[in-house]
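Novice: I would like the atomic coordinates for the input below:
(3 chains)
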Amino acid sequence: MGNLNDYKNIWVFIETECGKAKNVGYELLSVAKPLAQQKGCPLVAVVIGKDIEGVAKDAICYGADSAIIVDGPEYEYYTTDAFAKALTGLVEKYKPETLMLGATNNGRDLGPRVSCRLKTGLTADCTAIDIDEETGNIAWTRPTFGGNLMAVIMCPGHRPQMGTVRPGVFKKPAYEKSRTGEVIREEIHTAEEEIRTMLKERVNEVAEAVNLEEAEIIVSGGRGMGSAENFKLLEELAAELGATVGCSRAAVDAGWMPHAHQVGQSGKTVAPKLYFAVGISGAIQHLAGIAGSDTIIAVNKDPDAPIFEVADYGIVGNLNEVVPALIEAFKARKA
Amino acid sequence: MDFKMDEFHQDILDMVHEFAVNEVKPLAAEIDRTEEFPMENVKKMAQMGLLGIPFPEEYGGSGMDTLAYIQTVEELSKYCGTTGVIVSAHTSLCCTPIYQFGTEEQKKKYLPKLCSGEWLGAFALTEPNAGTDASGQQTVAVDAGDHWVLNGSKIFITNAGAADVFFVLAMTDKSQGTKGISAFIVEKGFEGFSIGKQEDKMGIRASSTCELVFEDCIVPKENLVGELGKGFKYAMMTLDGGRVGIAAQALGIAEGAIEETVKYVQERKQFGRRLSQFQNTQFELAQMKANTEAAKLLVYQAACAKDDHEAFSHKAAMAKLVASRNASDVTRRCLQLYGGYGYTKDYPIERMMRDAKITEIYEGTSEVQMMVISGWMGVK
Amino acid sequence: MNICVCMKQVPDTNEIKVDPVTHTLVRAGVPSIVNSFDTYAQEVGVRLKEKSGGKLIVLSMGPEQAKEAVKSCLAVGADAGYLISSRSFGGSDTLATSYILSQAIRAVEEKEGLKFDLILCGKQATDGDTAQVGPEIAEHLDLPQITYALDILEENGEILVKREYDAGYDMISTKLPAVITVVKLPYEPRYPTIKSKMAAKKKEIPVLTEADLPSIDLTLCGLNGSPTRVKKTFTPVREKNGVKLEGMEPTDAAKEVVKLLDDAKLL
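Specialist: Numbering: from 1, shown residues only, chains lettered A, B, ... in the order given. The predicted structure follows:
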């Protein structure tokens, strides 16, 4: 392991695909920035991909002090073998104290592979990150037991301290066009035979990726919707508001909505400005996924539904009457 | 008293519980509304070996005992009374009499397909004019040389619309009274046999309760069960076993209602407190739980007595009397704790209350059970 | 095709409640189940085995009572199962757990006289939710990995994995042996039958300790081999005092909410 003091700086891994960054990487910058300031160390964005110099510059505009990039055709699409090699190589060379990744499918694929190779600790799916006053270690807070319990995890004796952070939990920082910083290009290449998996085909099932994680307004329905047809009502409301339609696990299990729309512990974690929960009772697994919402509006016929405990505005009533009334009221407001 | 609740029984119970929660519970309200027989779940239960639990493996059964079977009916009924009675009627009232009274050929022909669920079974005793007074059979079977000819009708036959094999009682010699009644195995496709109208019932609405019609129905000679003229005795013995099944169904319904209500009273708030914090709620549920556990002891006692080949008709009668009355009582009191919400179909409790009522009526009303018990006591 | 399924026994998180008074987790009486993602790994493994032959062996690390979970896998198609259990393994985090499992996988290959072509895991365990053990096993064994599988297809010994992706799925091939973690399948895991359940019940589940894992380094196991430490745990507090409109006409309630949102400049 060597001397822990050899490890410096906070790194944020910016996930890309086909040269485009996922938002979660930039969101990480907003949680990492104050930590770097507290530590008095630079905040470094790490980008692996193909044609990603623009992404590195954007990362600096979003708050990174500098960036390290690994650019190559083998990184156009994610593969475990190539990305693990590149990221491990960078860590071994530069020895960052802390490394954060987005808890996307690829982030959760890459994180443990790298932490295991480096024989260090990784904390998954963090929702809050602080510095432990006593030891100066990072204190990673994460939900466990299906969101029923929160745990604070530390990695005292190993470096880098690694963690994945859920998309949507933190807001993307403001983009400051004038910011500048150094972009270091590292040449790490992975030969074809070192990559043991191969992407054969990509199948898009929905015309447009359901982007709940980045939606500003979400209209979600749950078990109380009663049928797939009733989701049309929500689509109408969503159209009126320019919102994305989401749903609870119960609605997916009932076959009313595809899994891509699911919000909650086993679906997407969201952080919209407005979250409408219609016919959603508020199981803890669902609440875990919407905790980052600014304002929650609940419609439920059961006045004791737990969703009302977290809602900013609640309407107790039959959703078949309330939702059309809401559509009318929003229309009237516009007019 | 030893109820043989060993790890094997616990394992089966766990397996049935998982199935009941994942597959049966989500469908219960829907099939109550649509009256659609839950064929898909019946097929799944068949694959799991739940349609032939207490029969030997040589006949395709699962080789377990009555207690395991009874606990299965109980567990299914916690979440859906309809599913409970489908298994009970099939097992107790069709497979059991064929196993108990049938010839070796009949057992070999029917039991493997019934136990595997390829065929579903039903039992036909009740007639428009022969309900509690089952001796007044008007369906007749006439010996036509190389076959039997059946004429008449049966009503309120559980599983009828979905069944392939029927255990049918018919009069073969009117002059002999109940000793002139014989039992036959009738298959769905037999000439002259048809299924009549389906009843629109208060509860257990998807159990496909229909009328059976026999119009010069041809039944092969070899489908007479056991001895001529012993049918009524077979039927009564069969119902003794059936009553333990219905008692288990009633027990399950009560337990299911308590389970739902315990959950509800911890969520629902009135006067700024959870319902569970009111002493009335606590006492009501405590009493219901105690009564239900008492019923459970009677039901398991009857099942074990059957397994031990003891005389058990009085035990079955006591189990059914107490468990069915308890089911009606518990579901009614639970609904009261729910208040107005309990009266709506948004919650399962009103369905449970409707399902519970039938357990006081079919396979012998509570009054019949009391006749059996008092007769056994010598109070004549 | 020889398949190893790594499985964890977990408390049924759907049954876990927070005590309304003490705000702590109520774990008493919560049933233990096979981690639901692992049941998918097991089911797809059994189907692959049924198609191409070979053996399916289940491994689980945990206390003595996890034997029950191993047996429940035997009841739905696994050929054999091992429990990995030892005091020295207690307190392991994901790095140490995956190390022990990778050692056990090699030892079981030796014992059974076979080589695994596939090592299947659930995407994550529903108690810890980390999704790290699968990829870490792959790293310890230096094998390729595919995570988030929605289905695994086999054609002439070639493996093709349908992997979850934002707008659909990717079809990914891999060299074998490989580690695959499973999210969900297009079909549900089978139920046991009474007979298979009874047969599994009667089987002995061998327990592997460090004595059975010849090349294990105990400094990499348990608390000593775990770089992470749990500093504290707490139950999330969620109550907030929102506005709840009850007993109003739907049109009035809707208007009121829109007005409130407007007043708060939220629209």
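
Novice: near chain A, which residues of the stretch 51-200 of chain B show up?
Specialist: Contact residues (Cβ under 8 Å from any Cβ of the partner chain) of the stretch 51-200 of chain B with chain A: there are none. Every residue, glycine included, has its C-beta placed from N, CA and C.

Novice: and the residue of the stretch 51-200 of chain B nearest chain A?
Specialist: For the stretch 51-200 of chain B and chain A, the shortest gap (Cβ to the nearest Cβ) falls at residue B:79, measuring 16.1 Å.

Novice: I'd say that residue and residue B:19 touch.
Specialist: No. With contacts counted by Cβ atoms under 8 Å, residue B:79 stays clear of residue B:19, the gap being 9.9 Å.

Novice: Of these two, give the one with the bigger neighbour count.
Specialist: Taking neighbours as other Cβ atoms under 10 Å in any protein chain shown, residue B:79 and residue B:19 compare with residue B:79 leading, 26 against 23.

Novice: So for the more buried one, what's the pLDDT?
Specialist: As predicted, residue B:79 sits at a pLDDT of 98.

Novice: Run a quick neighbour tally on residue 194.
Specialist: Because you didn't say which chain, this covers chain A. As a burial measure, residue A:194 scores 12 neighbours (other Cβ under 10 Å).

Novice: think we crossed wires, I meant chain B
Specialist: 14.

Novice: Buried residues, the helix or strand harbouring it. List them.
Specialist: Taking DSSP states H and E as the criterion, residue B:194 maps to strand B:193-198. Across strand B:193-198, burial judged by 16 or more other Cβ atoms under 10 Å in any protein chain shown covers B:193, B:195.

Novice: ok, that strand: who's next to it in the sheet?
Specialist: Each strand paired with strand B:193-198, and its direction, by DSSP bridges: strand B:210-220 (antiparallel).

Novice: for the record, mean pLDDT for the partner strand?
Specialist: On average, strand B:210-220 scores 97.

Novice: And for stretch A:248-259?
Specialist: The model assigns stretch A:248-259 a mean pLDDT of 87.

Novice: What's the end-to-end length of it?
Specialist: One end of stretch A:248-259 sits 9 Å from the other (Cα to Cα, to the nearest Å).

Novice: lowest confidence element among the helices and strands of the chain?
Specialist: No chain in the question, so chain A it is. Lowest on mean pLDDT, DSSP states H and E among the helices and strands of chain A sits helix A:284-290, with a mean of 84.

Novice: should've been chain C
Specialist: Result, chain C / mean pLDDT, DSSP H and E: strand C:17-18, a mean of 71.

Novice: and the helix or strand just after that strand, is it in reach of chain B?
Specialist: Using DSSP H and E, the helix or strand that directly follows strand C:17-18 along the chain is strand C:25-26. No. Between strand C:25-26 and chain B, judged by Cβ under 8 Å from any Cβ, nothing touches; the nearest distance is 11.6 Å.

Novice: in its sheet, what does strand C:25-26 sit against?
Specialist: The pairing partners recorded for strand C:25-26 under DSSP bridges are strand C:17-18 (antiparallel).

Novice: give the contact list for residue 9.
Specialist: Looking at chain A here, since you left the chain open. Listed by Cβ atoms under 8 Å, 6 or more residues apart in numbering or on different chains, the contact set of residue A:9 reads A:36, A:41, A:42, A:43, A:44, A:94, A:96, A:97, A:98.

Novice: that's the wrong chain, I meant chain C
Specialist: C:32, C:33, C:34, C:35, C:60, C:62, C:65, C:66, C:68, C:69.

Novice: For the closest residue to chain B within the stretch 51-200 of chain A, give me phi and psi.
Specialist: Chain B sits closest to residue A:148 of the stretch 51-200 of chain A, with a gap of 15.9 Å, by Cβ to the nearest Cβ. Main-chain dihedrals, residue A:148, degrees, to the nearest 10: phi -80, psi -20.

Novice: I figured it hits residue A:284, correct?
Specialist: Yes. When contacts are counted by Cβ under 8 Å, residue A:148 is listed as touching residue A:284 (5.9 Å).

Novice: Need the phi and psi values for the residue nearest to residue C:196 when sequence neighbours are not counted.
Specialist: Spatially, and ignoring its direct neighbours in sequence, residue C:196 is nearest to residue C:75 (4.7 Å; Cβ to Cβ, 6 or more residues apart in numbering or on different chains). Dihedral angles phi and psi of residue C:75 (degrees, to the nearest 10) take the values phi -70, psi -10.

Novice: Mind jotting down where the helices sit in the chain?
Specialist: I went with chain A, as the question did not name one. A:23-39, A:53-61, A:80-94, A:105-118, A:231-241, A:249-253, A:284-290, A:307-310, A:319-334 (DSSP state H).

Novice: think we crossed wires, I meant chain C
Specialist: C:36-52, C:67-74, C:94-112, C:133-140, C:194-201, C:250-263.
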